[in-house]
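> coords please:
(2 chains)
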Number of protein chains: 2
Amino acid sequence: MKRQLDQASLRALARGCAILGAGGGGDTRIGLLEALQATEDYGPVTLVDLDELAEDELIMPCGMIGAPTVHIEKIENGDEGVRLREHLERLTGRRVAAFMSAEIGGSNGLIPIVWAARIGLPVVDADGMGRAFPLVPQVAMHLAGIDPNPCVMTEERGNVIVFRTISGDWTERLARAAAVEFGGAAASTEYILTVAQAREATVRNTVSLAIRIGEAVAAAETSPVAELIERIGAFRLVTGKISDVERRTTKGFVRGSVVIEGLGDDSGRLIRLELQNENLVALEQGRVTASVPDLITVLDSETAEAIATERVRYGQRVTAVAMRCDPVWRTERGLQAAGPRAFGYDFDYVPVEELARAAT
Amino acid sequence: MKRQLDQASLRALARGCAILGAGGGGDTRIGLLEALQATEDYGPVTLVDLDELAEDELIMPCGMIGAPTVHIEKIENGDEGVRLREHLERLTGRRVAAFMSAEIGGSNGLIPIVWAARIGLPVVDADGMGRAFPLVPQVAMHLAGIDPNPCVMTEERGNVIVFRTISGDWTERLARAAAVEFGGAAASTEYILTVAQAREATVRNTVSLAIRIGEAVAAAETSPVAELIERIGAFRLVTGKISDVERRTTKGFVRGSVVIEGLGDDSGRLIRLELQNENLVALEQGRVTASVPDLITVLDSETAEAIATERVRYGQRVTAVAMRCDPVWRTERGLQAAGPRAFGYDFDYVPVEELARAAT
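Numbering: from 1, shown residues only, chains lettered A, B, ... in the order given. Here you go, the predicted model:
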């Protein structure tokens, strides 16, 4: 056992998940409130390391799928995880030993804890991305060749769907369409795997990482943004205010763009972020200053709280930062799944540290 | 065993299914070609009566879901039924004894035979509607309170989805969305039931009926339309030509309307048919002359071949006829599921024979 996820660590985790969410993964305020309530009702959830579990035990990656804008208003009823586990165990004939966030970013870093609390299961200190991404197959499990099947989906009314597809792309397509029918968001598990597989096929220690990031930001006494940048080796893209937001919820995604107008030392600069649930690309005068799979996060310039793409609005004083993604995303398969071209952009990925060096 | 479905009876069946399709259920030309080929490859399929099977044996209602316009071009690969049965047997832990058309109307009256041929299973002399309807819960099984779960869906690529929903309406909604993602059409089974249940909860002897109708039309020497009208007690709505067609394929349905301009004795009359996959309502000067759940079918005036809604086109010489639906649709539950108001019309159902009497 690594630790009990008590109320203090959940608050730190929520801050960290928001920052690792790159704008997506769902609003952490909702996820945090649910996690605090579940912890009060059922006791704290145990965070375990994959090395503590037996090799053949089953890990259930899970979370919400759909548009984060919808998730603000369409809240789980809390037993989605129970249902996902029940169906998964019936389908596989095996017991689920622990839950795992499919993505650590945003409220999806918290929701599996809400569900685990209710059943008394632990969550593992790992996730499928080390951040948040919009598409189902954008997980380390996919890169490692883990089967996405069976994917189980449910929602607050109690409907259940099981997908057995010929590829992760088909899982994405069908699950997304179902999420839209459910009103824009649903709960799902896919790419279930054994502990032995998970040790190789996930991004490890990301729950601990998110807690540490959250604690550092909360503890910073003068300049939380500077503290965060130093602590995680982030790159400051611009400090300024939001001067334009174009955002629409369509086909199960939030899409759009945000313009940040530089203030102070950055006066006269204009940075444009393009988004699909998450911030995908940062552009300045047509030049890419950061892009997927690296993380681009918009922070409140005062508090360093991350602002989700669905919460960004005109006039906010923000600092946009970029962070290195997990190395798995910089491999050939990683870039194929989640590099700029996977989102329809016609340019090659350049690591954020190289872009930053070139800019200075 | 009632009979072997040889090539001659399949040809008659196809004619009859088209007439009972009320314009929908899919083009029977495609279904007939597939059934003839399957019969040639695997031998004829046996038609059995529900009374010949043991009470606790399992019947699998099945067919295609989606827009008939799509089905003309997007053809099954033939093993959809095999896959549906495999998954259904694994999910229920029981053996499927026979296939049944979820709807006898259109190619859906033939497709289960195509699939059954490949596995050597019989088909039962019954279906879920006695006609074709656009929506999943518009089956006699729903009226009898049979559970729609599990619904299994597949398509030519090999993807499989299992739905376990809280209602037939949710099955319809989710299965329709999935069919749209699959390109507009897919294969499915839902409302699986035992032989004992099927004896009460289906429309019986409809395969035989369709064959008899098809044989009568084919045998008519002078006036097939008159022969058909007399044989099945149909009501002639109008004889004329198609003067307008408005049709669009949207959200997994064909929707639109057709105008028939009277010729000869009917000169000066204009009949408008409104359609959603099937012909739903016939209107003359704002007056309803026939409506769901009764059947409205457009026949070629020369040959009495039924013309599917997706094949109707300007200039065709046609006779529109209306036929009594199975009594199950005239019950309160039947009208609630498939009466005019179930399709959004603001009028009460009046049986076609009363409308016909009032008109003369």
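
> So which bits of stretch A:264-281 are buried?
Neighbour-count burial for stretch A:264-281 flags A:266, A:269-281 (criterion: 16 or more other CB atoms under 10 Å in any protein chain shown). All C-beta atoms are positioned from the backbone trio N, CA, C, and that covers glycine.

> Figure out the length between the terminal residues of it.
In stretch A:264-281, first residue to last residue: 23 Å (CA to CA, to the nearest Å).

> Ok, stretch A:136-147 next?
End-to-end distance for stretch A:136-147, by CA to CA: 12 Å.

> Buried residues, that stretch. List them.
For stretch A:136-147, burial by neighbour count (16+ other CB under 10 Å) applies to A:136, A:137, A:138, A:139, A:140, A:141, A:142, A:143, A:144, A:146.

> What of stretch A:117-125?
Within stretch A:117-125, the residues that qualify as buried are A:117, A:118, A:121, A:122, A:123, A:124, A:125, counting by 16+ other CB under 10 Å.

> mind listing what residue A:35 touches?
Neighbouring residues of residue A:35 by CB atoms under 8 Å, 6 or more residues apart in numbering or on different chains: A:5, A:10, A:13, A:14, A:110, A:111, A:113, A:114, A:117.

> now with 10 Å?
A:5, A:7, A:10-11, A:13-14, A:28, A:44-45, A:107, A:109-117 (CB atoms under 10 Å, 6 or more residues apart in numbering or on different chains).

> try residue A:224
Residues in contact with residue A:224 (CB under 10 Å, 6+ apart) are A:15, A:216, A:217, A:218, A:299, A:300, A:301, A:302, A:303, A:304, A:305.

> so the first one touches residue A:305, yeah?
Right, residue A:15. Yes: with contact defined as CB atoms under 10 Å, residue A:15 and residue A:305 form a contacting pair (6.8 Å).

> Looking at these two, which one has more neighbours?
residue A:15 (25 against 19; other CB atoms under 10 Å in any protein chain shown).

> burial count for the residue found closest to that one once you drop the neighbours it is linked to in the chain?
Distance criterion CB to CB, 6 or more residues apart in numbering or on different chains; nearest residue to residue A:15, sequence neighbours excluded, is residue A:214 at 3.4 Å. Other residues near residue A:214 number 25, with proximity taken as other CB under 10 Å.

> coming back round to it: which ones among the contacts of residue A:224 map onto helices?
Within those, residues falling in helices by DSSP state H are A:15, A:216, A:217, A:218.

> quick revisit: let's see which of the contacts of residue A:35 end up in helices.
Counting by DSSP H, the contacts of residue A:35 contribute A:7, A:10-11, A:13-14, A:28, A:111-117 to helices.

> Make JSON lines from the residues you listed and add distance to chain B to it.
Output for those, formatted as JSON lines (distance: CB to the nearest CB, whole Å):
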{"residue": "A:7", "distance to chain B": "35"}
{"residue": "A:10", "distance to chain B": "32"}
{"residue": "A:11", "distance to chain B": "36"}
{"residue": "A:13", "distance to chain B": "33"}
{"residue": "A:14", "distance to chain B": "32"}
{"residue": "A:28", "distance to chain B": "29"}
{"residue": "A:111", "distance to chain B": "22"}
{"residue": "A:112", "distance to chain B": "22"}
{"residue": "A:113", "distance to chain B": "26"}
{"residue": "A:114", "distance to chain B": "22"}
{"residue": "A:115", "distance to chain B": "19"}
{"residue": "A:116", "distance to chain B": "23"}
{"residue": "A:117", "distance to chain B": "25"}
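
> Can you redo these as CSV, where the extra columns are pLDDT?
Formatted as CSV, the ones in helices among the contacts of residue A:35 follow (pLDDT from 0 to 100):
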residue, pLDDT
A:7, 96
A:10, 98
A:11, 97
A:13, 98
A:14, 97
A:28, 94
A:111, 96
A:112, 97
A:113, 97
A:114, 96
A:115, 97
A:116, 97
A:117, 97
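
> Please give me every residue in contact with the residue nearest to residue A:15.
Contacts of residue A:214 by CB under 10 Å, 6+ apart are A:8-20, A:28, A:228.

> just to revisit the earlier point, quick one: which of the ones in helices among the contacts of residue A:35 has the most company?
For those, neighbours tallied by other CB under 10 Å; top is residue A:112, 32 neighbours.

> wait, what's in contact with residue A:4?
For residue A:4, the contact set (CB under 10 Å, 6+ apart) comprises A:39, A:43, A:44, A:45, A:46, A:47, A:122.

> chain center to the helix-or-strand element of chain A with minimal mean pLDDT: distance?
None of the helices or strands of chain A scores lower by mean pLDDT, DSSP states H and E than helix A:68-71, at a mean of 73. The chain centre lies 13 Å from the centre of helix A:68-71; the measure is CA atoms, centre = their mean, to the nearest Å.

> Send me it as PDB with only the CA atoms.
C-alpha atoms of helix A:68-71 as PDB (Å, rounded to 0.1, in the frame of the first residue of the first chain):
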ATOM      1  CA  PRO A  68     -16.300  17.800 -20.800                       C
ATOM      2  CA  THR A  69     -18.800  20.600 -21.300                       C
ATOM      3  CA  VAL A  70     -21.600  18.100 -20.800                       C
ATOM      4  CA  HIS A  71     -20.000  16.500 -17.800                       C
END
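
> other SSEs contacting it?
Helix A:68-71 sits against helix A:28-42, strand A:58-66, strand A:185-189, strand A:235-250, strand A:253-262, with contacts defined as 3 or more CB pairs under 10 Å, 6 or more residues apart in numbering or on different chains; DSSP states H and E.

> So what touches it?
A:21, A:23-27, A:30-31, A:64-65, A:106-108, A:111, A:132, A:134, A:179-180, A:182-186, A:247-249, A:252-254, A:277-278, A:308-311.

> how about a cut-off of 7 Å?
Residues outside helix A:68-71 that contact it (CB atoms under 7 Å, 6 or more residues apart in numbering or on different chains) are A:24, A:26-27, A:30, A:64, A:106-107, A:183-185, A:249, A:254, A:277, A:308-310.

> same thing with stretch A:297-308?
Counting by CB under 7 Å, 6+ apart, A:15, A:18-19, A:21-24, A:27, A:68, A:106, A:217, A:224-225, A:228, A:239, A:279, A:312, A:316-321 sit against stretch A:297-308.

> Next step: those residues restricted to helices.
Counting by DSSP H, the contacts of stretch A:297-308 place A:15, A:18, A:19, A:68, A:217, A:224, A:225, A:228 in helices.

> I figured the fifth one was touching residue A:230, is that so?
No: using CB atoms under 7 Å as the test, residue A:217 is too far from residue A:230 to be in contact (11.4 Å).

> Just want to know which of these two has more residues nearby.
Per other CB under 10 Å, whichever of residue A:217 and residue A:230 has more neighbours is residue A:217, with 24 against 12.

> In contact with the more buried one: list those residues for me.
For residue A:217, the contact set (CB under 7 Å, 6+ apart) comprises A:15, A:224, A:227, A:228, A:304.

> who's in contact with residue A:10?
Going by CB under 7 Å, 6+ apart, residue A:10 touches A:32, A:35, A:36, A:39.

> what's the closest of those residues to chain B?
Proximity of these to chain B (CB to the nearest CB) peaks at residue A:35, which lies at 27.1 Å.

> Next, residue A:153: secondary structure please.
Secondary structure of residue A:153, reduced to three states by DSSP: H, G, I helix; E, B strand; the rest coil: strand.

> Can you give me the distance of residue A:160 to chain B?
Counting by CB to the nearest CB, to the nearest Å, the gap between residue A:160 and chain B amounts to 4 Å.

> Go ahead and confirm residue A:317 touches residue A:243.
No: taking contacts as CB under 7 Å, residue A:317 lies outside contact range of residue A:243: 11.4 Å.

> who in the stretch 151-300 of chain A is up against chain B?
Residues of the stretch 151-300 of chain A lying near chain B by CB under 7 Å from any CB of the partner chain: A:157-166, A:170, A:173-174, A:177-178, A:181.

> follow-up on the earlier one: so which of the contacts of residue A:10 wins on neighbours?
Compared across the contacts of residue A:10, residue A:35 has the highest neighbour count, 29 neighbours, by other CB under 10 Å.
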